[in-house]
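Peer 1: the following block contains a protein sequence and its predicted model.
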Amino acid sequence: MPIMVSHFPPGTSKWNKVEHRFFSFISQNWKGEPLINYETIVQLIAATKTAAGLRVKCKPDKRKYKPGKIVTDEQMESIQIKRNVFHGDWNYEILPRA
């Protein structure tokens with residue numbers, strides 16, 4: 001099954017409609033609260049609600065991830081990537097192996 005991948009360009013989180021819509025409300029909810037640890041940050045984000053009643057769901061990811069996974073050059077070369085004409089470095093399709 002082909003997988004279509006589209007990234008936002010670096011520094012353009014304003015293009016992310018969800019983040020853009022919630023950011024001002026999250027900032028208002030913080031109100032200068034010291035961000036002393038992840039739990040505080042998650043609680044402040046999770047307590048956010050917009051004027052229209054939209055709520056943020058937020059929880060920390062406490063899973064352990066195995067470090068040091070190395071992808072070889074051969075493995076990277078075996079990935080079939082079809083780049084989009086418009087910014088192929090940000091928009092591409094990963095095709096199944098033959």
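Peer 2: Structure received. Residues are numbered from 1 along each chain as shown.
Peer 1: how far out from the middle of the chain is the top helix by length along the chain?
Peer 2: Longest helix of the chain, by residue count under DSSP state H: helix 17-30. Relative to the centre of its chain, helix 17-30 is centred 15 Å away, using Cα atoms, centre = their mean, to the nearest Å.
Peer 1: could you do stretch 33-45 as well?
Peer 2: Taking Cα atoms, centre = their mean, one finds stretch 33-45 lying 19 Å from the centre of the chain it belongs to.
Peer 1: mind saving the C-alpha coords of it as CSV?
Peer 2: Taking Å, rounded to 0.1, in the frame of the first residue of the first chain, the C-alpha atoms of stretch 33-45 are listed here in CSV:
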residue,chain,number,x,y,z
GLU,A,33,2.9,29.7,35.2
PRO,A,34,6.5,28.3,35.5
LEU,A,35,6.9,25.2,33.3
ILE,A,36,8.9,23.3,35.9
ASN,A,37,8.3,19.7,34.5
TYR,A,38,6.5,17.8,31.8
GLU,A,39,3.6,17.0,34.1
THR,A,40,2.9,20.8,34.6
ILE,A,41,3.1,21.4,30.9
VAL,A,42,0.7,18.5,30.1
GLN,A,43,-1.8,19.6,32.8
LEU,A,44,-1.8,23.2,31.5
ILE,A,45,-2.3,22.1,27.9
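Peer 1: and the longest helix of the chain, which residues are buried?
Peer 2: By neighbour count with 16 or more other Cβ atoms under 10 Å, helix 17-30 contains the buried residues 22, 25, 26, 29, 30. In this view, the C-beta of every residue, glycine as well, is placed from N, C-alpha and C.
Peer 1: what average pLDDT does that helix get?
Peer 2: Within the predicted structure, the mean pLDDT of helix 17-30 is 74.
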